[in-house]
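>>> only the shape, not the letters, is given here:
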């Protein structure tokens, strides 16, 4: 379809609508509110559900109800709201319900501010709520990906019957770019074996209680197997000028866009810099990052808008062969390409 | 013919409690003398008699009734503490033709989930709520509930509930009844056969309304908790009558069952062709305009537009991006978002280039469009050598200081005022940009205006077209 200029936040809603999302439950928060606003505008045109919930907690529990009823369903928020949703997320994962959550990260902790940050990484990528569960996490860095990854998130949510996050920052949510809306899906996968439809044939049970210790252990092992299977088949990443790179910069979201400029500027100075951009944050591209030293990479610098959250995963992936350095900005500040290049020159004497 | 009394389980219950772990799959987990069993039976009977067993979805909360799904036939959700009304809301929206029951206790409904029940009631959700008020937390071992009576001893009020430190017992039915949306709100009790019969009638009224999709039904049921109260079942029945009913008076608080309207919801539209049609999505080519000759210094643009809030700063940037998109460029637009855009200064970054766009913020732009003095002073410095500064000479009385940049003094506000509307400043700026860079033809921009101002009057579109030409012609004639 023809390209339209739109905000990343709006693009996420188009991705959801084209994926067959029939129920949106949300609550206003900057810088994610345009997602709820776009859903409020679009969903009624298709006789689909939009409801502004009384709280973030209610919104995620409504998602639980809609998902259990067999709908493709979503919510969206930013840091403080995501914190509130954590209990509900744990229930969604514990009851194996497919759902999509978009998190447009802002500055924290506490009320923080509304500038872009990447400090929800740990709470979103590591699970956040109680119990042994993981969220699958996609990290778009442009408006087209906001649309495409939100659509993909619904597919992955169904494939793994698990919550899937679209995790990005205020920059990507608020910026506008040309977006080509994908074709709407024809149908969604059959969920009659587990969804509650309130019909004689589908008197299913949505539940996360396993009183018997052995039963709960078995259920947790099943969840673990599911996450291991996602690790085997869902890793996504992107490389830029990595072919002969001696130094790799690693970043996601809006940072990965700036790093692209850093790489170009470095190459003009003859510095062999390349960009490795994780697209899935869980499953994390640990094998690919672990293999960087064998490809001739001698130095790794992780750049993020947090005091060092993703860098822990980078270092786990490197398994001690190299130790990633860290450069970060906070509070809504985004580093410039040259600021990062200066840091690289200083760190590595290039 | 003589009617025979048949003793059997109502069909609203499952024959075998298959979800219940352990060997005892024919009896409940409730304590002797507990009211839950009686209320369960009244609901199960009504489900059978109203023929809704195959269309009921029951939400089990956290509390003693966490295992309600063991017993009832129908579809089931077990949910987080207090959130049953939120879950029920979504279940009902997804299944508008079904009967959705939210079964909750007093801690669940009146403490941790108080806002959820109020808001679901206020929205008039199509659900039936059975609220078991036994003045205590049963499941967790007898702690204070919001409905615990004054002086009542619980494990967390070992000296009795103190109104000054613990507050008053909360009357949920009265609170719900004063909202506009609920249809049927009543309080009943299970402490003797006469009241059980009244409870039976209330349960049936609520479920009949639910079957007819008549909105929000709320039945508060005073119930016993011999274990939590540390009384025997007989004493606990008396305790309800002597101590609870004076605080929680029985009776119908609201009943508009007869006149309540039936809630219906349309089927969601999911057919791809209809989705595209309903959303008015355009198929067809993405690139509308063909490019002219462009000087190399203007072939890749990083632009900062800045000025006062209300000067159309954001829309200037958006229109630049939109027009460039129609020429087949990659474009990005990034606002300075948040409170600062609601008054004070505003700025946005636009990138226009054929290569993939990296960072969206125009940190070192090659074009600054400054609409007021603070903006010019802030962003003139950021321009790369050889970059272009277009400044609003109507409002900026000082001259730019740099000599290594190209300077275009354009009376943007003045040109807009001459056209009779200050609000068209954005289009004057866009026209000026087109003339400075040679990137856009002014008539291409004009051709795009009906799309930009979709749904607006023709005179608005014409006015903006004049503004584009005014900005464009001024630059062409002056520099």
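Looks like it came in fine. Note that this is a predicted model, so its numbers are computed, not measured. Numbering: from 1, shown residues only, chains lettered A, B, ... in the order given.
>>> residue numbers of the stretch 101-250 of chain A in contact with chain B?
Within the stretch 101-250 of chain A, the residues that sit near chain B (CB under 8 Å from any CB of the partner chain) are A:113-115, A:142, A:170-171, A:174-178, A:180-181, A:183-187, A:196-200, A:202-209, A:211-212, A:215. For every residue, glycine as well, the C-beta is placed using N, CA and C.
>>> show the buried residues in the residues you listed.
Neighbour counting by 16 or more other CB atoms under 10 Å in any protein chain shown classes A:113-115, A:142, A:170-171, A:174-178, A:181, A:184-185, A:196-199, A:203-209 among those as buried.
>>> quick one: which of these sit in helices?
Judged by DSSP state H, helices contain the following of those: A:170-171, A:174.
>>> tell me which of the residues you listed is nearest to chain B?
Distance to chain B across those (CB to the nearest CB) is lowest for residue A:174, with 4.7 Å.
>>> wait, what's in contact with the closest one?
A:7-9, A:31, A:34, A:104, B:334-335, B:337 (CB atoms under 8 Å, 6 or more residues apart in numbering or on different chains).
>>> which parts of the stretch 151-300 of chain A are helices?
Along the stretch 151-300 of chain A, counting by DSSP state H, counting those that start in this stretch, helices occupy A:170-174, A:213-233, A:254-268, A:286-290.
>>> TSV for those, including mean pLDDT?
Converted to TSV, the helices of the stretch 151-300 of chain A look like this (pLDDT from 0 to 100):
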stretch	mean pLDDT
helix A:170-174	97
helix A:213-233	98
helix A:254-268	98
helix A:286-290	98
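>>> right, and these - which one's nearest residue B:439?
For residue B:439, the closest of the helices of the stretch 151-300 of chain A is helix A:254-268, at 21.4 Å, according to CB to CB.
>>> in strands, which of the buried ones among the residues of the stretch 101-250 of chain A next to chain B appear?
A:113-115, A:176-178, A:205-206 (DSSP state E).
>>> most widely separated two among those?
Going by CB to CB, the pair spanning those furthest: A:178 and A:205, at 45.8 Å.
>>> any weak-confidence spans in the stretch 201-350 of chain B?
Filtered on pLDDT under 70, the stretch 201-350 of chain B yields the residue ranges B:284-286, B:337-344.
>>> helix or strand for the closest residue to chain A within chain B, which one?
Going by CB to the nearest CB, chain A is nearest to residue B:90 of chain B, at 3.1 Å. Under the criterion of DSSP states H and E, residue B:90 resides in helix B:84-94.
>>> what is the subsequent helix or strand relative to that helix?
Toward the C-terminal end, the helix or strand that comes next after helix B:84-94 (DSSP H and E) is strand B:99-105.
>>> pull the residues that contact the helix or strand just after that next one.
Downstream of strand B:99-105, the next assigned helix or strand under DSSP H and E is helix B:106. Helix B:106 is contacted from outside by B:131-137, B:145-147, B:172, using CB under 8 Å, 6+ apart.
>>> same thing but 6 Å
Contact partners of helix B:106, identified using CB atoms under 6 Å, 6 or more residues apart in numbering or on different chains, comprise B:133, B:145, B:147.
>>> might you report the residue contacts of the second one?
In other words, residue B:145. B:106-107, B:135-137.
>>> and the buried ones among those, selectable in ChimeraX?
Selecting only the buried entries of the contacts of residue B:145 in ChimeraX, with 16+ other CB under 10 Å as the criterion:
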select /B:106,107,135,136,137
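>>> neighbours of the residue in the stretch 1-150 of chain A that chain B sits nearest to, just the number please.
Here the residue of the stretch 1-150 of chain A nearest chain B is residue A:65; by CB to the nearest CB that distance is 3.1 Å. For residue A:65, the neighbour count with other CB atoms under 10 Å in any protein chain shown is 33.
>>> beyond the helix or strand hosting it, next helix or strand please.
According to DSSP H and E, residue A:65 maps onto helix A:56-68. Toward the C-terminus, helix A:56-68 is succeeded by strand A:72-77 as the next helix or strand (DSSP H and E).
>>> need the contact partners of that next one.
Strand A:72-77 has contacts (CB under 6 Å, 6+ apart) with A:16, A:20-21, A:23-26, A:29, A:32, A:35, A:56, A:59-60, A:63, A:66-67, A:99-102, A:154, A:188.
>>> same question for stretch A:93-101.
By CB under 6 Å, 6+ apart, stretch A:93-101 touches A:63, A:67-68, A:73-75, A:92, A:133, A:153-154, A:157-158, A:161-165, A:206, A:208.
>>> helix or strand: which one has the residue nearest to residue A:110 when sequence neighbours are not counted?
Computed as CB to CB, 6 or more residues apart in numbering or on different chains, the closest residue to residue A:110 that is not its neighbour in sequence is residue A:80, at 7.9 Å. Per DSSP H and E, residue A:80 falls inside helix A:79-94.
>>> immediately after that helix, which helix or strand?
Beyond helix A:79-94 on the C-terminal side, the first helix or strand identified by DSSP H and E is strand A:99-107.
>>> relative to the whole chain's centre, how far out is that following strand?
7 Å (CA atoms, centre = their mean, to the nearest Å).
>>> average pLDDT across that strand?
The pLDDT scores in strand A:99-107 average 98.
>>> what angle do that strand and strand A:72-77 make?
10 degrees (axes from the mean of the first three to the mean of the last three CA atoms, to 10 degrees).
>>> ok, what's across the strand from the nearest residue to residue B:393 once chain neighbours are set aside?
Leaving aside its sequence neighbours, residue B:393 sits nearest to residue B:409 (CB to CB, 6+ apart; 4.0 Å). Counting by DSSP bridges, residue B:409 forms beta bridges with residue B:391.
>>> where along the stretch 351-479 of chain B do the helices fall?
Remark: helices assigned in the stretch 351-479 of chain B by DSSP H, counting those that start in this stretch are B:373-379, B:412-418, B:425-437, B:442-452, B:458-478.
>>> looking at those helices, which is buried most?
Counting by mean count of other CB atoms under 10 Å in any protein chain shown, helix B:425-437 has the highest mean neighbour count of the helices of the stretch 351-479 of chain B, with a mean of 28.
>>> packing partners of that helix?
If you count contacts as 3 or more CB pairs under 6 Å, 6 or more residues apart in numbering or on different chains; DSSP states H and E, helix B:425-437 packs onto helix B:313-326, helix B:412-418, helix B:458-478.
>>> quick one: residue B:439 and residue A:350, what's the gap?
Going from residue B:439 to residue A:350 by CB to CB, to the nearest Å gives 36 Å.
>>> who has more neighbours out of those two?
Using other CB under 10 Å, the more surrounded residue of residue B:439 and residue A:350 is residue B:439, with 22 against 16.
>>> so who does that one touch?
B:294, B:298.
>>> can I get the helices of the stretch 351-479 of chain B in CSV with mean pLDDT?
Below are the helices of the stretch 351-479 of chain B laid out as CSV (pLDDT from 0 to 100):
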stretch, mean pLDDT
helix B:373-379, 94
helix B:412-418, 97
helix B:425-437, 97
helix B:442-452, 93
helix B:458-478, 97
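>>> residue B:267 is nearest to which of those helices?
Between the helices of the stretch 351-479 of chain B, helix B:442-452 lies closest to residue B:267; by CB to CB that is 32.4 Å.
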